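> Sequence first, predicted coordinates after that:
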Amino acid sequence: YSMEGGAAISRWVLEQLPQTPDGLAIADALLTGLAKSAAPTRTAELDPYLEKLVGNGSFQLAFLTWLRFLPPEEAKSVPFVYNGDFEQPVSGLPFDWQFSQVRGADTDVVDTTDPGIGKALRVVFANTRVAYHHVTKVLVLPPGPYELSGMVKAEDLMTPRGMRWRVACAGGDNHQLAESDAFLGTFAWKAFTVPFTVPATGCGAQTLRLELDTRVALDQQVVGTFWSDGLAINRVDVTSPSN
């Protein structure tokens, strides 16, 4: 019995349990036990279980399960946008970044060699039509006012409507909460901020997504390179001092 064999068994079990009656409850109990064992489940093995929870709308349980298997030093203080600087390896789990590849665009994390930036997200477009929305993560923000911020850069990014970061409610009608300005052309690293509010009901989880802004098929024509780094969401203090 090897570590690799145990990992394969664990992943198979987590893939199968959600398909069975009471499977989610059993999987949660299994993961709780494994978390306390000498060989806890690796984070990547959680993917089928977390995806099932997210698909069912059980965002809070998925988030708490994901937190349970983060390294202790990371779990102590998890920002609203985990790995927003792209310095940690991207796991592909819902609360980390999820990249999906699509013909006509190459998405990856690269070392910029700039000590002030470090690693950054880079998307290279191959001058074809692509409905790009292939960088995303799930958030669990309590109701209230927030500000999305980050850094962006573009090199010969030519497209009719540009690239945007967007925040939307997860599930349901995917109600949009915020969108950045449209980014296109050529410009050096610059900061952006976008205020938004999470409503008190109907938005228990959210998505943060990088998208090519399109309305018609012609808007999908895109060439050039887009960069981003330092993504963060911070709660806004709206309390005012009393007179």
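Now that the structure is in, tell me what you want to look at.
> And the helices in the chain, which stretches?
3-16, 23-35, 47-55, 59-68, 72-75 (DSSP state H).
> just checking, Leu218 touches Pro160?
Yes: the criterion here is CB atoms under 8 Å, and Leu218 meets it with Pro160 at 6.7 Å. For the C-beta atoms, the positions are set from N, CA and C on the backbone; glycine is no exception.
> Of those two, give the one with the bigger neighbour count.
Set side by side, Leu218 and Pro160 show more neighbours around Pro160, with 16 against 10, by other CB atoms under 10 Å.
> Can you report how many residues neighbour Thr201?
Thr201 has 6 neighbouring residues, counting by other CB under 10 Å.
> beta partners of the residue nearest the centre of the chain?
Relative to the mean C-alpha position of the chain, the nearest C-alpha, by CA atoms, centre = their mean, is the one of Lys137, at 1.7 Å. On the basis of DSSP bridges, Lys137 is bridged to Leu208.
> And Phe183, by the same measure?
According to DSSP bridges, beta-bridge pairing links Phe183 with Met163.
> so it touches Trp227, yeah?
No: using CB under 8 Å, Phe183 is not in contact with Trp227; the gap is 9.6 Å.
> who touches both of these two?
Common contacts of Phe183 and Trp227 (CB atoms under 8 Å, 6 or more residues apart in numbering): 152, 154.
> my guess is the residue nearest to the centre of the chain contacts Gly92, does it?
No: if you go by CB under 8 Å, Lys137 and Gly92 don't touch, sitting 10.1 Å apart.
> overlap in contacts of these two?
Common neighbours of Lys137 and Gly92, using CB under 8 Å, 6+ apart, are Gln98.
> Bridging across strands, which residues link to Val124?
Asp106, Thr225.
> any idea how far the nearest residue to Asp47 once chain neighbours are set aside is from Val78?
Nearest non-adjacent residue to Asp47, counting by CB to CB, 6 or more residues apart in numbering: Leu93, 6.0 Å away. Distance, Leu93 to Val78, by CB to CB, to the nearest Å: 13 Å.
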